[in-house]
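Peer 1: Just a sequence and a predicted model for now, questions to come.
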Amino acid sequence: MNYMLSVSTGRQGLYDITHKVVECLGRSGISEGLVTVFVRHTSASLLIQENADPSAREDLESWLNRLVPELDEIYTHRAEGPDDMPAHIKSALTATSLSIPVLDSAMVLGTWQGIFVWEHRHHHAQREIIVNVLNDS
Amino acid sequence: MNYMLSVSTGRQGLYDITHKVVECLGRSGISEGLVTVFVRHTSASLLIQENADPSAREDLESWLNRLVPELDEIYTHRAEGPDDMPAHIKSALTATSLSIPVLDSAMVLGTWQGIFVWEHRHHHAQREIIVNVLNDS
Amino acid sequence: MNYMLSVSTGRQGLYDITHKVVECLGRSGISEGLVTVFVRHTSASLLIQENADPSAREDLESWLNRLVPELDEIYTHRAEGPDDMPAHIKSALTATSLSIPVLDSAMVLGTWQGIFVWEHRHHHAQREIIVNVLNDS
């Protein structure tokens, strides 16, 4: 089964979608199998990261922004703005798809793991995410 | 079902295999499920990226070559040539497997998303890719 | 089917779990399908890399430690020690889940590919890994 999520982002950062993926899994009624999350964009990505202290997510953002700055003479792909090429690079370094096993009707996420959409552009409004649930036959 | 693809690379860069994966999905006859693409190498990787403007792919290549240069005194693994250890690092930073949900007999790729093999070595001839298709039972 | 592995790490580095994943696949009795490996932590990750020459793994470790050093004034998340925030960043740059197709009762790993847990902290004792096996129905 596939479920489509539309996530409002709007500015750079990590957006927690764990509860939305949990809801898709609940609707599927599946007790054992595999959830795959897929982002339909090349300037936003997916990440499983610490869901507790927000400072960890802020540091991730600061660190990646320093590694992949907007001002860089190496870029030739500039037509869509200064945040576009860095967004493609950041997507390449993180994940477009994530798969999480399902056991006893729940994803096997660790206590501190959340599922996040990582928005890499400044002014993007909506991101489409597909949640696929496979039943262990 | 599993399908093996042999992709001719030959030099560093991104090679679009989207049409080949689409063909595997068509042969499977599956309308809903999951496609997983897997590369059987540690010096080439997989990437879902922008399929339109080639300048985005060229910038990705330039940026990664600068981050992981061939001349670096940190490397001790040099027996297979100066492009070998950088190729392993680049593979570690990108993907060895990618999973894409299938809906209405098509992968749910976004409009601008293509599936690429990223060759990180200078003179490699053939890369083996496995395309796995799982039916949503 | 899901199998839980507990992997003793203890210090930074790559720990080969290929044989343990092979054993899970054997217990499942599945001949064609998909194996997904998932790590339940945000300061350790997964990697498919060269399994032959240990110098390649040592260089991966050295290179990543230089890219993401412990002393960095950009970090504000410091409560869990100087190796904690670098561990989160390293996890974000590598993989939390990996999927490997199964054909003829074996994973389609290339000759030189091994599956590794990458421990990014100095003093961690046990890491939980879930191995999910899906049958191709």
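Peer 2: Done, it's in. Residues are numbered from 1 along each chain as shown, chains lettered A, B, ... in the order given.
Peer 1: now for the top strand by length along chain A, which elements pack on it?
Peer 2: When chain A is parsed with DSSP state E, its longest strand is strand A:126-135. Applying 3 or more C-beta pairs under 8 Å, 6 or more residues apart in numbering or on different chains; DSSP states H and E, one finds that strand A:126-135 contacts strand A:2-8, helix A:18-28, strand A:33-39, strand A:113-119, strand B:33-39, strand B:97-103. In short, each C-beta sits where N, CA and C put it, glycine included.
Peer 1: Can you give me the buried ones in that strand?
Peer 2: Residues of strand A:126-135 classed as buried under the neighbour-count rule (16 or more other C-beta atoms under 10 Å in any protein chain shown) are A:127, A:129, A:130, A:131, A:132, A:133, A:134, A:135.
Peer 1: Who are the contact partners of the residue nearest to residue A:26 when sequence neighbours are not counted?
Peer 2: Once flanking residues are discounted, residue A:26 sits nearest to residue A:105: 7.8 Å by C-beta to C-beta, 6 or more residues apart in numbering or on different chains. By C-beta atoms under 8 Å, 6 or more residues apart in numbering or on different chains, the contact list for residue A:105 reads A:25, A:26, A:30, A:31.
Peer 1: pretty sure the last one contacts residue A:102?
Peer 2: Which is residue A:31. Yes - between residue A:31 and residue A:102 there is a contact under C-beta atoms under 8 Å: 7.3 Å.
Peer 1: Please say which of those two ends up with more neighbours.
Peer 2: Set side by side, residue A:31 and residue A:102 show more neighbours around residue A:102, with 23 against 13, by other C-beta atoms under 10 Å in any protein chain shown.
Peer 1: so who does the closest residue to that one other than its chain neighbours touch?
Peer 2: Excluding its sequence neighbours, the residue lying closest to residue A:102 (C-beta to C-beta, 6+ apart) is residue A:33, at 4.8 Å. Taking C-beta under 8 Å, 6+ apart, we find residue A:33 in contact with A:101, A:102, A:133, A:134, A:135, A:136, C:132, C:134.
Peer 1: hang on, the earlier thing: pLDDT wise, what is the residue nearest to residue A:26 at?
Peer 2: Residue A:105 carries a pLDDT value of 97.
Peer 1: quick one: it and residue B:90, what's the gap?
Peer 2: Distance from residue A:105 to residue B:90, counting by C-beta to C-beta, to the nearest Å: 39 Å.
Peer 1: And residue A:103, by the same measure?
Peer 2: According to C-beta to C-beta, residue A:103 and residue B:90 sit 34 Å apart.
Peer 1: Between those two, which is the more surrounded one?
Peer 2: Neighbour totals were compared for residue A:103 and residue B:90, and residue B:90 leads with 23 against 16 (other C-beta under 10 Å).
Peer 1: so the more buried one sits in a strand?
Peer 2: No - judged by DSSP: H, G, I helix; E, B strand; the rest coil, residue B:90 forms no part of a strand; its state is helix.
Peer 1: per-residue confidence at it?
Peer 2: 98.
Peer 1: Please apply the same query to residue A:124.
Peer 2: What the model reports for residue A:124 is a pLDDT of 72.
Peer 1: Under a three-state scheme, what state does it occupy?
Peer 2: When classified by three-state DSSP, residue A:124 comes out as coil.
Peer 1: now swap in residue A:47 and tell me
Peer 2: With three-state DSSP as the criterion, residue A:47 reads strand.
Peer 1: how about it, what does it touch?
Peer 2: Going by C-beta under 8 Å, 6+ apart, residue A:47 touches A:14, A:60, A:94, A:95, A:115, A:116, A:118, C:92.
Peer 1: Any chance of those in CSV with distance to chain B and neighbour count as columns?
Peer 2: CSV is the format used below for the contacts of residue A:47 (distance: C-beta to the nearest C-beta, whole Å; neighbours: other C-beta atoms under 10 Å in any protein chain shown):
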residue, distance to chain B, neighbour count
A:14, 19, 22
A:60, 15, 24
A:94, 10, 25
A:95, 7, 25
A:115, 14, 26
A:116, 18, 25
A:118, 14, 26
C:92, 11, 24
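Peer 1: Among these, which pair sits farthest apart?
Peer 2: Taking C-beta to C-beta as the measure, the contacts of residue A:47 span a maximum distance of 14.4 Å, between A:60 and A:115.
Peer 1: ok, and for stretch A:33-51, which residues are buried?
Peer 2: Buried residues in stretch A:33-51, counted by 16+ other C-beta under 10 Å: A:33-51.
Peer 1: Kind regards, and thank you for your time.
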